[in-house]
Every structure is written in structure tokens, then in C-alpha cells.
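Q: need a 3D model of the following:
(chains A and B)
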2 protein chains.
Amino acid sequence: MKRVYLDHAATTPVAPEVLEAMKPYFSEKFGNASSLHSFGQEARDALEKARKIVADFINARPNEIIFTSGGTESDNLALKGIAFANKDRGNHIITSKIEHHAVLETCHWLEKSGFKVTYLPVDKEGKINPQDIEKAITKETILISVMHANNEIGTIEPIEEIGKICKKHKVYFHTDAVQSFGKIPIDVRKMNIDLLSASSHKLYGPKGVGLLFIRQDVKIEPIQQGGGHEQGLRSGTENVAGIVGFAKAVELAKTNMKKENEREIKLRDKLINEILKIPGAHLTGSRQERLPFNASFYFDGIEGEALLIRLNEKGIAVSTGSACSSKSLEPSHVLTAIGLKPEQAHGSLRVTLGKDNTEQDIDYTIEQLKNIINSLRKISPFGKW
Amino acid sequence: MKRVYLDHAATTPVAPEVLEAMKPYFSEKFGNASSLHSFGQEARDALEKARKIVADFINARPNEIIFTSGGTESDNLALKGIAFANKDRGNHIITSKIEHHAVLETCHWLEKSGFKVTYLPVDKEGKINPQDIEKAITKETILISVMHANNEIGTIEPIEEIGKICKKHKVYFHTDAVQSFGKIPIDVRKMNIDLLSASSHKLYGPKGVGLLFIRQDVKIEPIQQGGGHEQGLRSGTENVAGIVGFAKAVELAKTNMKKENEREIKLRDKLINEILKIPGAHLTGSRQERLPFNASFYFDGIEGEALLIRLNEKGIAVSTGSACSSKSLEPSHVLTAIGLKPEQAHGSLRVTLGKDNTEQDIDYTIEQLKNIINSLRKISPFGKW
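A: I've put the predicted structure just below:
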């Protein structure tokens, strides 16, 4: 059967070049990077080379990069690490209502530990108003965490403006860049970012690897105790093969980003334009400030999950909401925050493109989606279409 | 140049069978295990199959296995997760002075958070006296954490007896089994273990993967917040390829353990017997209750680091102390705890064997070690030999 993977916001296949780069570090150059002998040295060299590659990519310094097990750990380290290290300065954190669960649930946890968190609303496109952030800052504010781009609706947030406000008010600025890292340009200096989370498996690298950029001189505590790896900020034997793969994925992203984005935007826009011809189809998120690979919709009178299952039967893999909350029956907090009613949110569909998708894939998806929506509406409990 | 890797307690090469098992999960069956479509289903199936394999291996149930990023995370989750979830019952933790830094540093962190920790001494072989544990238990004791086998000196602790005491006093029992898992038999039921940490890269699996066994009905809190993966206890996209590799490594360990241990014990004992013929050479740890692959020594009038460097020049990779503390100038806390003076601890050497080591490797190592010690002693500041 034809299989079309259109869920690249959930995860991506490891690029062949990435796997090739990783291979020597499994069974040949397999040393523990903390070991003093030549096997350890080989591993350590690879680790530091990888660190330089990813640092350069976002205009950071190598000693500002901490490798982690993924985006979730990076978000946890950023938020808890800053909160606990700076609690003498204040106990207030500002974030948005549309952050990933890794940020939101960490904020909820911090609230139980005595911190106060302001969850800012977004407009109907999912955009945060920088002025709202400035207004929310108090003397107690120690950290502002706003994602670079949303994982469900693809909206790109005004990070550079937010960075300026944070700098002006001397408040640390963290951005969860899990969706944008390797997809759109990031310059941590230009954007005034103090901490940035990224995950390898979103950009054709392996799962189980991520990073946290921590600007030099930022006061932060580790959240995982042990042997003191990663400048004492993340104990645990470094996943050398995974980190080497992550760096290779970054190199590929750097080389291919511009051209691949142009290609994906063309395919994405064809998809959006065709899908919006379906009666009762709506785009979610911003049309302009949008990740190149993200197309997200809701359909009146349609259950997103039914759509997902029927598309899956046709070999097409998409998502409704984010993969992380796919087992939940709650309407997506992102779609709720942009003003959708629960029944509208339940009619959502996320199509996220990747490097291997062809125009044929998109044409096939458009065709199948139109057929399925027609057929579902014939049996819809929400009324006639 | 001939290269002989004898630092298997630090890390092991990924077995070829393990890498083969992992390969399909990088670029073909690459789905996010939380996704509802067929790509997600493939990943989920592999994940749950792996969970069953590792659970069976230690007589646990699949729902009692939580996959993590490694031994350090598992130890952190066990200790902090139990401490915070049970603080209404008490604030006292008992551990030993010779635990891995992942346990000790987590305990130090918990002390700063209001918990009290008793660090029990060990005898000169590194053994913990179960009676000391029983005596240390108070009404406030909620957790006892004692490692299964020590990473530096290879001593195997009386886990089963400790388990009985914990059960009798209704105190949770955690064991860090990072060194023993896949090397000597473990039965969590028979040993009355409530929580057990293990790491894939110590048994020819990939780095960046570990597990925490949590007996059903144990009250524990997550320490990493996010999408609620792993039964809500460990958020973050599962590292499917890594986990599949870990499970394959477990299968190989299960099949090969008995025969390989016999082989390694023979090589190890040859090494120990020959090395102890060197004047001023001493075995550290127990001769009987010892990991099959571990041989550890100290040498009067010798710097362990000088020994390591000279052996490295001959292509032989060994360690002095553990890999995790290799960058520290402090004498090993383990060697100090078994009564060694700082100058003795600094003369330590750990040789840890693995499946690919041959008798020729051992003979070569014995020969080189004797030569190097002779030559070092000629220039020793500690006096004549």
C-alpha cells in the first residue's frame, strides 16, 4: 500500500547521512567520553566537534550548549533550573497558554513548589502580543518562556521583540524551539535569547537527544544529579552516537534549509488552498507567520480522529492536535486558546510536511481528504452538509 | 597498534546484533510511539515488545518498567520520586557511602530539600552489613537505596537480605543495578526489590537508554514534566531505536550470561593471580562476592593515573576509579570508604573485562602492567622498590 507520512511535527525519519555519521560511534569509537584513555578521547573529540557544529548553527558558543535526552528534558532544565537558581530574586514566571506540555506541565509543577506563573492569552492566529508580556512583568519576574513556533498550528511567535523586552527588564528569556530549530533561522544573539530548547528527532536526527542553549553567565542549577557531566549541568554518560547524529542533522539543515523551505511552502500552500475549497474547512494559525511545513485545519461537522483513522486506512499519516496529547480526550489547549469551541477543536487536523514528501503525495492526500470528508459528512451527527 | 579495551564498567561497544535490531527503527519504522497512525503503531508495538523482554528478564511485569535516558536519570527518578511522593510518611533515607555519584549527589540534593540521609559505612571489602541497615531504620525512614554491585571494586552487596529487611519494616528498597544488570542474575520478586535502575550501555546496548523498574503500587512522582509518556512517570518522546537495542542487549545477556561469566571469571582470575605476584600489589573489593568481569587493585608507590597513561600508550584502556569521576583529583570515595589512605587510593587501577577480550589480551596486559610498574617504581617519589 502507498504510505504517505505527513506528521513531521511529531517526529521525522533519521536521514541516511545522519545514520551513516552515527554508525562508527556504536561499536568502534564507543568509548565513554569521561574516560581518560584513547577510546574515551575519541568519544570526547566527537562530542566536542558536535557541540561546536550546533553552537555555530544558532550563533552560540560551544560552552553554551548542554546536550540532553530531548526537548522535554531541555524545557524542564530551563524552567526549573532558572526558577530554583534565581528564587532569591523573585518567584514569578510568564509564559503563554499555547506552550508545549513540557513547558506548561513544568510550570504547573513549579506553581506547586511556590512559584507564580502567568499564562498569557494569544490572539485568534495564536500570536502572543509582546505588549502583554511587558505589562505582565513585575519586580518578582525572573523568567519568560515563549515558544518560537507552535507545534499544533505552526504559528511563529515574535521572539525577537520578546527578547528585547526581556533584555530591557533584565528578565531571563527561554524559548522552546523544538518545532523551529533546523527549520527556520535562529540567531540567539540577535534574538536576545538566554535559553533555547531543541530536539534532534524533529529535524531528521535520532530520538533521545536534545540540547539546551544556556547563554554564558546565566544563573542556572542542574535538575539531574550525578557525575557532573556537561559542565555540571547534566549528569549522565553522554549519548555520543546520538549527539553525533544530531550534529549531522544540523549540518544538513544548515545546507538545505532555504531550498527545502521554498519547496515545502509550495506544497503546503497547494494543500492549504485546495483544502480550504472544501465547505466548512478552516485554517488554524497564521497564514503569514507560519512554519513552512505546517498546515493545520478544522472542519465543521467532522471528528478529527475519524478523519485520522480513515486517512490512515489510505496510508496517510497525519495528526489531530499534537502527538503528545493524542491519547487525551480533552480538546487541544492550543485550539481552545485561539478561540475554538470544543466541537471545532475536535474537528482538527494537522498535516506536517517533510523532505521526502512529493507533489504526488500532496495530490493524493488532497484527493483522499476530500473523499473522506464527503463520506464522513454523510453520516455526521452534526447535521447535513 | 594493538588495542585492548578493558574498561567495560565505564561503557561497552554496541553488540553487532543490537545495532542490527535497532537499524529499522531509525529511518523506516521511525514513528512517534504516541501517534495514532500506522507509523506510530509500529513504534508503539516495538516499544511494548521491548518492555516485555526487559521485564521478563528480571521477573517484573511490563507495566513495572519505565524507560529513561540512562542510569543517572533512573537513580534521580527513584530517589526524588519516592522522597517527594512519600514525604507525608517520613523524611529519612538510608544509603551507603560507596554508591555511584548519581545516588550520592541526588541524596545531597535531597538533604538541601529537607530530607535526612544516613550514609552507612562498608567493611574493608566494600560490603554493607544488613544489620547496620536494620539499626538505622527509624519511624521516618521511607527509602533504602543500596547498589547491587559496586562500579569501582566490583563487590556484590547482600541485596536479598537487605530486601527482606526493607519488606519487614515496610520501607521502599531501591537498588542501583547499573553494573550488575545483564551480568549476574536478578529477580526483583525473590530479592524484594521495589525499584531498580539499569543502563543499556553497560551491557552492549546503546548509550542514552536506561530503565527504572518500579514495583506495582509503589507510590512515586515523576521528576520530568510534559506529555505524560511512560504511564505519566517519564515525559518525553520515547527513544524507540535505543529501547529496541536495549531489549536486544538483554536478550543476548540472557542467552550468554552463564557461559560468558565462566569464561570471564577464568580470565579475570588469571589476571588477578598474576598481578598479585607484583610486590606491593593489592586487590580491592571482595575476592568471592565480586562481579565476574571486575578486577581492581592498588599498587604501593604508584600513581594510578601514570599507570593509566602508560598502559594507554601500549593500547590498553583501563581506568583509575570510575569514568564518571575521572576528571576529579579527589581520591575515590569508594576506596576511601574501604579504608584506603589517599596515597593508596591514588594508586588504584580498575580492569573490567568484556565479551571480546581474549586470553591473549589478558596475557598482553599482564606483561605490560608488570613492565610499567617496574619502570614507574624506578622513578617513584615514594621510595625504593
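Q: give the contact list for A:Ile373.
A: A:Ile278, A:Ala281, A:Phe299, A:Ile302, A:Leu307 (Cβ atoms under 8 Å, 6 or more residues apart in numbering or on different chains). From N, CA and C alone the C-beta is placed, and that goes for glycine too.
Q: by neighbours, which of these wins?
A: Among the contacts of A:Ile373, the one with the most neighbours (other Cβ atoms under 10 Å in any protein chain shown) is A:Ile302, at 26 neighbours.
Q: so it: helix, strand or coil?
A: coil (DSSP: H, G, I helix; E, B strand; the rest coil).
Q: that older thread, in JSON lines: the contacts of A:Ile373, plus pLDDT.
A: Below are the contacts of A:Ile373 laid out as JSON lines (pLDDT from 0 to 100):
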{"residue": "A:Ile278", "pLDDT": "96"}
{"residue": "A:Ala281", "pLDDT": "97"}
{"residue": "A:Phe299", "pLDDT": "95"}
{"residue": "A:Ile302", "pLDDT": "92"}
{"residue": "A:Leu307", "pLDDT": "94"}
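Q: can you flag which of these belong to strands?
A: When those are checked against strands (DSSP state E), the matches are A:Ala281, A:Phe299.
Q: format the contacts of A:Ile373 as JSON lines; extra columns: distance to chain B.
A: What follows is the contacts of A:Ile373, written out as JSON lines (distance: Cβ to the nearest Cβ, whole Å):
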{"residue": "A:Ile278", "distance to chain B": "21"}
{"residue": "A:Ala281", "distance to chain B": "21"}
{"residue": "A:Phe299", "distance to chain B": "17"}
{"residue": "A:Ile302", "distance to chain B": "16"}
{"residue": "A:Leu307", "distance to chain B": "11"}
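Q: quote the end-to-end distance of stretch A:204-215.
A: Using Cα to Cα, to the nearest Å, the end-to-end distance of stretch A:204-215 comes out at 26 Å.
Q: what mean pLDDT does it get?
A: For stretch A:204-215, mean pLDDT is 98.
Q: is that stretch anywhere near chain B?
A: Yes: Stretch A:204-215 comes into contact with chain B (Cβ under 8 Å from any Cβ of the partner chain), by way of A:Pro206, A:Lys207, A:Gly208, A:Val209.
Q: identify the farthest-apart pair in the residues you listed.
A: A:Lys207 and A:Val209 (7.3 Å; Cβ to Cβ).
Q: find residues that contact each of the two.
A: Common neighbours of A:Lys207 and A:Val209 (Cβ under 8 Å, 6+ apart) are A:Gly70, A:Ser200, A:His201.
Q: for the last one, grab the count of nearby residues.
A: Here the number of neighbours of A:His201 (other Cβ under 10 Å) works out to 29.
Q: who's in contact with it?
A: So A:His201 contacts A:Thr11, A:Thr12, A:Val14, A:Gly70, A:Lys207, A:Gly208, A:Val209, B:Thr237 (Cβ under 8 Å, 6+ apart).
Q: ditto for the first one
A: Neighbouring residues of A:Gly70 by Cβ under 8 Å, 6+ apart: A:Ser199, A:Ser200, A:His201, A:Lys207, A:Gly208, A:Val209, A:Gly210, B:Ser69, B:Gly236, B:Thr237, B:Asn239.
Q: returning to that earlier point: of the contacts of A:His201, closest to B:Gly163?
A: A:Gly208 (31.4 Å).
Q: so what's the nearest residue in space to the closest one that is not next to it in sequence scoring on pLDDT?
A: Spatial nearest neighbour of A:Gly208, excluding adjacent residues (Cβ to Cβ, 6 or more residues apart in numbering or on different chains): B:Asn239 at 3.0 Å. B:Asn239 is assigned 98 on the pLDDT scale.
Q: check which helix or strand covers A:Glu20.
A: helix A:16-22 (DSSP states H and E).
Q: for the helix or strand just after that helix, which positions count as buried?
A: Using DSSP H and E, the helix or strand that follows helix A:16-22 in sequence is helix A:24-27. Within helix A:24-27, the residues scored as buried using 16 or more other Cβ atoms under 10 Å in any protein chain shown are A:Tyr25, A:Phe26, A:Ser27.
Q: redo the residues of stretch A:204-215 next to chain B as CSV? Include secondary structure and neighbour count.
A: What follows is the residues of stretch A:204-215 next to chain B, written out as CSV (DSSP: H, G, I helix; E, B strand; the rest coil; neighbours: other Cβ atoms under 10 Å in any protein chain shown):
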residue, secondary structure, neighbour count
A:Pro206, coil, 30
A:Lys207, coil, 31
A:Gly208, coil, 32
A:Val209, coil, 31
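Q: for chain B, state which of those residues is nearest.
A: Minimum distance to chain B across the residues of stretch A:204-215 next to chain B is 3.0 Å, recorded for A:Gly208 (Cβ to the nearest Cβ).
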